[in-house]
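J.: no letters, just coordinates:
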């Protein structure tokens, strides 16, 4: 592969190939600072908890995905999961009640966030999930 990159007789010392996940990370990083659209929470009796800052990250990712600039995100499922976000009284956390698809959409976004900036929200969520067999 390195020999194929030779230009003018100079062989590079190394080369990198950007994977689809890498492209998602680069796109996601570009949209980190998007304004957060308001999403009205709906009551939910129980579910998994995410930090308030992670809800902001999820909303920003939803806005970017709806604009068509962040691929690989299930927009309707993430929108539904965020609509069910209920603030926990006396805490900055929110409770999300959603099915497996909604959980997968939330995990996908928090995984991208963990690769770009902060992995604490991703790990906070993973600690709440039952261990896989």
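T.: Everything's here; your move. Remember, it's a predicted structure, so these values are computed and weren't measured experimentally.

J.: pLDDT below threshold where in this structure?
T.: By pLDDT under 70, the low-scoring segments of the chain are 1-18, 30-46, 131-133.

J.: okay, strands next: where are they in it?
T.: Secondary structure of the chain (DSSP state E): strands at 48-51, 86-87, 93-96.

J.: strands paired with the first one, and their directions?
T.: What it means is strand 48-51. With DSSP bridges as the test, strand 48-51 is paired with strand 93-96 (antiparallel).

J.: wait, residue 50 touches residue 120, no?
T.: No - Residue 50 is beyond contact range of residue 120, at 11.1 Å (criterion: C-beta atoms under 8 Å). All C-beta atoms are positioned from the backbone trio N, CA, C, and that covers glycine.

J.: looking at those two, which has the bigger crowd around it?
T.: Neighbours per residue (other C-beta atoms under 10 Å) separate residue 50 from residue 120, with residue 50 holding more: 24 against 14.

J.: who's the more buried one bridged to?
T.: Bridge pairing for residue 50 - DSSP bridges - gives residue 94.

J.: which residues does it contact?
T.: Residues counted as contacts of residue 50 (C-beta atoms under 8 Å, 6 or more residues apart in numbering) are 58, 85, 93, 94, 96, 106, 110, 121, 124, 125.

J.: try residue 96
T.: Residue 96 touches 44, 47, 48, 49, 50, 81, 82, 84, 85, 86, 102, 106, counting by C-beta under 8 Å, 6+ apart.

J.: buried ones only from those, please, as a ChimeraX command.
T.: Restricted to buried positions by 16 or more other C-beta atoms under 10 Å, the ChimeraX selection for the contacts of residue 96 reads:
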select :47,48,49,50,81,82,84,85,86,102,106
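
J.: so which of the contacts of residue 96 comes closest to residue 29?
T.: The shortest approach to residue 29 among the contacts of residue 96 belongs to residue 106, at 19.0 Å (C-beta to C-beta).

J.: before we move on, back to that, got TSV for the strands of the chain, with distance to residue 114 too?
T.: Conversion of the strands of the chain to TSV gives the following (distance: least, C-beta to C-beta, whole Å):
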stretch	distance to residue 114
strand 48-51	13
strand 86-87	23
strand 93-96	17
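
J.: fine by me, we can end here.
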